[in-house]
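Novice: need a 3D model of the sequence below.
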Amino acid sequence: MIRFKPGAPRRVPPRFLSSRVPTFAVPTALGATAVAYRLTCPLAYDEALGARLVSSAVMCAIVTGLVMHVRRRLLRELRLARRAAEAAQSALLRPPPPRVDGLAAAAVHLSADPGARIGGDLYEVVATEHGVRAVIGDVRGHGLGAVTTVAAVLGSFREAAHDEAELAGVLRRLERAMDRHLRERARGGHDPADAAQDGPPGEEFVTVLLLEILPDGGVRALNCGHPWPYLLTGARAEPLARTDPLPPLGPFPLPSELPVVPCGPLLPGDALVLYTDGAEEARDAEGRFFPLRDVLTEAAREHPLTPRSVLRTVLTALLRHTVGPPKDDVALLILRNERQTGGTPTGVRAAVRPATAHPHPTGHLRSPA
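Specialist: Prediction:
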């Protein structure tokens with residue numbers, strides 16, 4: 001933005017003028033050509049058929065040139081917008097490194113909004129002195145309107161994952177960041193994004209799953225309304241846990257006590273599949289849900305089992321099932337233990353998955369996008 005001091009002569013910077021000149025040069029030249037032809041060329045006043053055809057051809061050429069110029073300008077602006085979106089995605093929802101403290105990692109995000117490359121899903125995995133910590137979440141709605149919420153949650157996680165010794169402390173930081181974000185939205189602090197949101201700030205929420213993978217392979221989790229990950233082990237896929245989750249962040253405060261759920265060990269060769277509910281709720285032309293667990297079971301039989309091979313199998317089956325892009329944002333984060341065997345894993349897997357009647361109790365919390 002150019003600012004002028006009161007009373008000072010308003011001089012426009014030369015580079016500003018030079019950047020605006022090409023915008024008007026071509027339309028001005030074409031308009032001048034049309035006016036000059038109309039005023040000076042005798043054919044413009046000749047009523048003969050041949051002269052009228054020549055005049056029509058000249059005007060068509062001028063209009064075509066103007067349309068092509070406008071088209072080139074629009075395509076250029078579209079390319080610039082796409083580059084800006086890709087830069088924003090790289091800074092906000094950056095891909096994980098191939099290896100994180102002995103764990104192989106891979107992730108993908110599919111936006112349901114054709115005009116955006118980022119949306120309402122989030123994920124991150126970082127190596128800390130407290131262990132490898134990962135987050136995956138799903139903001140109500142999708143598209144550009146949910147980006148500010150994603151930024152608030154991810155920004156808080158990237159700091160808290162290193163600062164907080166306990167996983168409960170990380171979740172408290174995310175809750176406070178979400179509260180600040182909602183207060184700012186209520187005060188009109190995010191006007192451009194508010195227009196794209198699916199509802200008022202009071203109805204906004206985000207489901208979040210926090211995982212902590214200790215050096216000995218022990219896994220602990222805190223779940224706020226998010227689907228539990230799948231564990232790929234022994235050529236089968238099973239839920240990592242079945243306990244009831246906490247409420248999502250946003251509409252209700254978290255309870256005073258945040259009990260961390262022990263999820264047993266992640267043994268060498270095992271993999272975790274973190275996902276958002278856009279994957280399980282994707283429908284085909286007949287309204288059938290995507291069989292995510294069956295596809296993951298098929299992926300678990302692949303040799304060698306790698307995060308990229310799992311992503312490839314799931315994405316191929318998902319796009320075949322939906323016959324095109326899904327109707328909701330989809331995020332997948334795959335973590336595979338490639339550490340050498342050693343130490344006693346924290347927790348016993350068979351004793352930490354009490355069955356409940358609601359293995360995925362988050363369906364009623366998700367509003368239609």
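
Novice: check which element follows the helix or strand harbouring residue 67 along the chain.
Specialist: Using DSSP states H and E, residue 67 sits within helix 49-92. Of the helices and strands lying after helix 49-92 in sequence (DSSP H and E), the nearest is strand 99-100.

Novice: what's that next one packed up against?
Specialist: Using 3 or more C-beta pairs under 8 Å, 6 or more residues apart in numbering; DSSP states H and E, the elements in contact with strand 99-100 are strand 121-128. Bear in mind the C-beta positions are built from the backbone N, C-alpha and C, glycine included.

Novice: neighbouring strands - and their directions - for the strand it packs on?
Specialist: strand 131-139 (antiparallel) (DSSP bridges).

Novice: tell me which residues of the strand it pairs with are tucked away?
Specialist: 131-139 (16 or more other C-beta atoms under 10 Å).

Novice: do the same with stretch 299-315
Specialist: Going by 16+ other C-beta under 10 Å, stretch 299-315 has these buried residues: 299-300, 305-307, 309-311, 313-315.

Novice: kindly reformat the residues you listed as JSON lines containing secondary structure, pLDDT and distance to residue 94.
Specialist: Compiled in JSON lines, these are given as follows (DSSP: H, G, I helix; E, B strand; the rest coil; pLDDT from 0 to 100; distance: C-beta to C-beta, whole Å):
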{"residue": "299", "secondary structure": "helix", "pLDDT": "93", "distance to residue 94": "24"}
{"residue": "300", "secondary structure": "helix", "pLDDT": "93", "distance to residue 94": "27"}
{"residue": "305", "secondary structure": "coil", "pLDDT": "91", "distance to residue 94": "25"}
{"residue": "306", "secondary structure": "coil", "pLDDT": "94", "distance to residue 94": "20"}
{"residue": "307", "secondary structure": "helix", "pLDDT": "96", "distance to residue 94": "16"}
{"residue": "309", "secondary structure": "helix", "pLDDT": "94", "distance to residue 94": "22"}
{"residue": "310", "secondary structure": "helix", "pLDDT": "95", "distance to residue 94": "20"}
{"residue": "311", "secondary structure": "helix", "pLDDT": "95", "distance to residue 94": "16"}
{"residue": "313", "secondary structure": "helix", "pLDDT": "95", "distance to residue 94": "24"}
{"residue": "314", "secondary structure": "helix", "pLDDT": "95", "distance to residue 94": "21"}
{"residue": "315", "secondary structure": "helix", "pLDDT": "93", "distance to residue 94": "19"}
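
Novice: out of these, who's nearest residue 243?
Specialist: Nearest to residue 243 among the buried residues of stretch 299-315: residue 300, at 23.0 Å, using C-beta to C-beta.

Novice: residues contacting that closest one?
Specialist: 232-237, 271 (C-beta atoms under 8 Å, 6 or more residues apart in numbering).

Novice: what is the nearest of those residues to residue 169?
Specialist: Closest to residue 169, out of all of the contacts of residue 300 and judged by C-beta to C-beta, is residue 271, at 27.4 Å.

Novice: hmm, that closest one is touching residue 337, no?
Specialist: Yes. Residue 271 is in contact with residue 337 according to C-beta atoms under 8 Å; the separation is 7.4 Å.

Novice: so between these two, which is more surrounded?
Specialist: residue 271 (26 against 22; other C-beta atoms under 10 Å).

Novice: may I have the phi/psi pair for that one?
Specialist: phi -140, psi 150 (degrees, to the nearest 10).

Novice: which residues touch residue 209?
Specialist: Residue 209 neighbours (C-beta under 8 Å, 6+ apart): 135-137, 221-224, 226-229, 274.
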